[in-house]
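# Generate coordinates for the sequence data below:
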Amino acid sequence: EWLVAAFAASKVGAITVGISTFSTPREIAWILDHCRPAVLVTIEAFRGRSYLTPLYELCPELARSAPGALRSDSFPELRAVVCVDPGRHDGVYWLGDLTGRAADVGETALAAAQAAVAPTDLCYILYTSGSTATPKGVSLAHYGVIENGFNIGERQHLTDADRLWMAVPLFWSFGSANALPAIMTHGGSIVLQESFEPGEALALLDGERCSVYYGMANMARAILEHPDRPRHRLAAMRTGLTIGLPEDIRMTMEAVGARELCNVYGSTETYGNCAVTDANDSLELRLHTQGLPLPGMDFRVVDPEKAKLQWKNLHDLLLSLGVVIHIIPPDPNAPGLVYPANAGVLLGNQFILSNLIPTRANERVIYESFLKKLGYSTVSIKSRFEGEADFFPVGDRYIFTYGGVMTQKFVPKFNLPPWTRIYGFRS
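Take a look at the predicted model:
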C-alpha cells in the first residue's frame, strides 16, 4: 500500500512525505505541522503502536468530519485521512472506498496532471531520524531520485532478473530513494518484509530466490545466528548494499551469501548514496572503501587543519554557552569507533542508559566505565529516550558532551523530574 500510494502521488505531481512508524504522538504532531500535508495515509496500528488514536487527540475535528472534508484549526491544509486497514473510523476514508472513487476522475484530467510533472519537481520529503536534533525534512526531486537510483543499480549490475529483498523502512532514504529506484529502473522485482524477523527473512530470501540484499549488519547477524540458517542455501543471492566496518561487511556476505555485496557512502541529502563500490571490485576494495563517486556527484576533501580549527571554535562556543564538555581518550581496543547517539539521559546523579542494538551491546561497558569515572551511577532499561549522548573522535581523543536541563511534554506521564539533555555531535 505504501508503494501504491507513493507511486500514485508521484505520477500526478504530489509530494510523498515519509513519516516514521516509530513516531510518538508528539513527533507526529511536529511533522504534520512542519510539512502541512493535504492527505494523510496511515494504518490503524503497527507493532503495538497506535496511529489513529493519537490522531483523533491531535485533531479532534476529524471525528466530526465527513471523509475528505476535514477542516482543522491545528492542521489547516489537511483535508483527508485514509486508513489502509478495513473498518470504519469516524472521518476517515478506508483505502478501498477512496480507490473506488477513481472512476470519478476523467482520463483527460489524469493525463493533464501527469504531463504537468517536471523532473525538477519534488518527489519526496523524507525526515531524518532526528538523533541529534528535531527531524529535518529533506527535499528530493524526481530526476535525482530516478537518475541516482539508476546509477546505484548500475554499480550492483542489476537486471530485470534480479529480486531485491527489503525489510528496511520505506520512510527513510535507504528504502524509498535507494533500493526502490535502483531496482525499478532496472525492471527487477521487490520482495517486501513488513517487519524484520530473521526466520521469516530466511524463508523469503530462499523461497523467493532473492538475489539482492538491502539491510543492515544487525539484520545479517540475526540471520546468520538463526537456527534455521543451515537449512537455507540462499543460492540465488548475489549482491546488495550495506554499510559498516570491514568485519560487519564480511559477516553480511557470509550471512546471506552475497558474494558481490557493495559498500556505500551517502546520506538522505545525496539521494541515498553518493559513492558505491562496484559489485566486481575486489573484496579488499569493497571491505575497506566506499567506492568511487556516482555520476554527477562532486566530492570535496576536508582540510584537516581547517577542520581542527572548526572543532576548536565549536568547543569554545559551547563552553561560552555553559555546556559541559568532557574529552576522554579513545578505547585502544576499538580504534576509530564512533559511539551512537541516543545513549540515554542524565537524571540527577544517575545516568539512564538506553537500549543498544545487539551488534553494539559491547559498547555499554565503555559507556558505564566512563560515566562511573565522572561520579554517576548507571542503570540500563529497554527503551530509548529523547535525551541524547554521543562520543565522537577528535584527533587522538574522544569528546563527550551534554547540555542543560530541558522539560519534555510527556515527562509528567512517567512521574519523572526534568532531566539533563545529552547532546551529541557527528564528526
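# Could I get the full set of strands for the stretch 51-200 of the chain?
Taking DSSP state E, counting those that start in this stretch to define them, one finds strands in the stretch 51-200 of the chain at 80-83, 93-94, 122-127, 137-141, 163-166, 189-192.
# what about those, which gets the closest to V379?
strand 122-127 (30.7 Å; C-beta to C-beta). Heads up, the C-betas are built off the backbone N, CA and C, glycines and all.
# what comes into contact with the closest one?
Here strand 122-127 makes contact (C-beta atoms under 8 Å, 6 or more residues apart in numbering) with 10, 15-20, 31, 35, 135-142, 145, 171-173, 176-177, 268.
# which ones among these are found in helices?
S10, I31, C35, H142, V145, S173 (DSSP state H).
# which one in those residues is the model shakiest on?
Least confident of the ones in helices among the contacts of strand 122-127 in the model: I31, at 89.
# hang on, it packs against I19?
Yes: with contact defined as C-beta atoms under 8 Å, I31 reaches I19; the gap is 5.6 Å.
# Quick check: Q290 touching V264?
Yes: Q290 is within contact range of V264, at 5.8 Å (criterion: C-beta under 8 Å).
# Can you check which residues contact both of those two?
I243, A275, V276, T277.
# Between those, which sits nearest I183?
V276 (14.2 Å).
# Give me the neighbour count for the closest one.
28 (other C-beta atoms under 10 Å).
# Same check on R233?
Residues near R233, counting by other C-beta under 10 Å: 10.
# ok, now which ones touch it?
Listed by C-beta under 8 Å, 6+ apart, the contact partners of R233 are D206, G257.
# about what we covered before: emit the ChimeraX select command for whichever of the contacts of strand 122-127 are buried.
Isolation of the buried members of the contacts of strand 122-127 (16 or more other C-beta atoms under 10 Å) is achieved in ChimeraX through the command below:
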select :10,15,16,17,18,19,20,31,135,137,138,140,141,142,145,171,172,173,176,177,268
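# Quick check: end-to-end length of stretch 109-126?
28 Å (C-alpha to C-alpha, to the nearest Å).
# Helices along the chain, start to end?
With helices called from DSSP H, the chain shows them at 2-11, 25-35, 52-58, 95-99, 107-115, 142-155, 173-174, 180-184, 198-207, 217-224, 246-256, 283-288, 304-320, 363-373.
# Now distance to A235 too, for those, in a markdown table please.
Formatted as a markdown table, the helices of the chain follow (distance: least, C-beta to C-beta, whole Å):
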| stretch | distance to A235 |
| --- | --- |
| helix 2-11 | 27 |
| helix 25-35 | 42 |
| helix 52-58 | 43 |
| helix 95-99 | 37 |
| helix 107-115 | 41 |
| helix 142-155 | 22 |
| helix 173-174 | 26 |
| helix 180-184 | 20 |
| helix 198-207 | 8 |
| helix 217-224 | 15 |
| helix 246-256 | 11 |
| helix 283-288 | 20 |
| helix 304-320 | 47 |
| helix 363-373 | 36 |
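# R238 versus the residue lying closest to R155 once chain neighbours are set aside, what's the distance?
Setting aside the residues directly before and after it, R155 is nearest to V276 in space (C-beta to C-beta, 6 or more residues apart in numbering), at 4.1 Å. According to C-beta to C-beta, to the nearest Å, V276 and R238 sit 15 Å apart.
# Quick check: which of the strands of the stretch 51-200 of the chain is nearest to R259?
Judging those by C-beta to C-beta, what sits closest to R259 is strand 163-166, at 15.6 Å.
# Contacts for that closest one, please.
Residues contacting strand 163-166 (C-beta under 8 Å, 6+ apart): 158, 175, 179, 182-183, 188-193, 201, 204-205, 208-215, 236, 240.
# check contacts around L40.
Here L40 is in contact with L32, L55, L78, A80, V81, V82 (C-beta under 8 Å, 6+ apart).
# Can you give me the distance of R36 to P76?
As judged by C-beta to C-beta, R36 and P76 stand 8 Å apart.
# Could you do L318 as well?
Counting by C-beta to C-beta, the gap from L318 to P76 is 38 Å.
# neighbour-wise, which of the two wins?
In terms of neighbours (other C-beta under 10 Å), L318 is the more surrounded of L318 and P76; the figures are 17 against 10.
# S282: how many residues sit nearby?
Residues lying near S282 (other C-beta under 10 Å) number 11.
# Quick check: pLDDT value at it.
On the pLDDT scale, S282 gets 97.
# Show the low-confidence segments of the stretch 201-350 of the chain, by residue range.
327-345 (pLDDT under 70).
# rerun that using 50 as the cut-off
336, 340-341 (pLDDT under 50).
# Now stretch 235-247: buried residues?
A236, M237, R238, T239, G240, L241, T242, I243, G244.
# got the residues you listed as a markdown table, with distance to T252 columns?
Listed next are those as a markdown table, based on distance: C-beta to C-beta, whole Å:
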| residue | distance to T252 |
| --- | --- |
| A236 | 16 |
| M237 | 11 |
| R238 | 13 |
| T239 | 12 |
| G240 | 8 |
| L241 | 10 |
| T242 | 5 |
| I243 | 10 |
| G244 | 8 |
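# Would you mind telling me which of the helices of the chain is nearest E44?
Closest among those, using C-beta to C-beta: helix 52-58, at 5.2 Å.
# What residues of the closest one count as buried?
Buried, per 16+ other C-beta under 10 Å, within helix 52-58: L52, P54, L55, Y56, L58.
# Kindly format the C-alpha coordinates of that helix as CSV.
What follows is helix 52-58, C-alpha atoms only, in CSV (Å, rounded to 0.1, in the frame of the first residue of the first chain):
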residue,chain,number,x,y,z
LEU,A,52,-5.4,6.7,14.6
THR,A,53,-5.9,7.2,18.4
PRO,A,54,-3.4,9.9,18.8
LEU,A,55,-4.5,11.5,15.5
TYR,A,56,-8.0,11.9,17.0
GLU,A,57,-6.4,13.5,20.0
LEU,A,58,-4.3,15.9,17.9
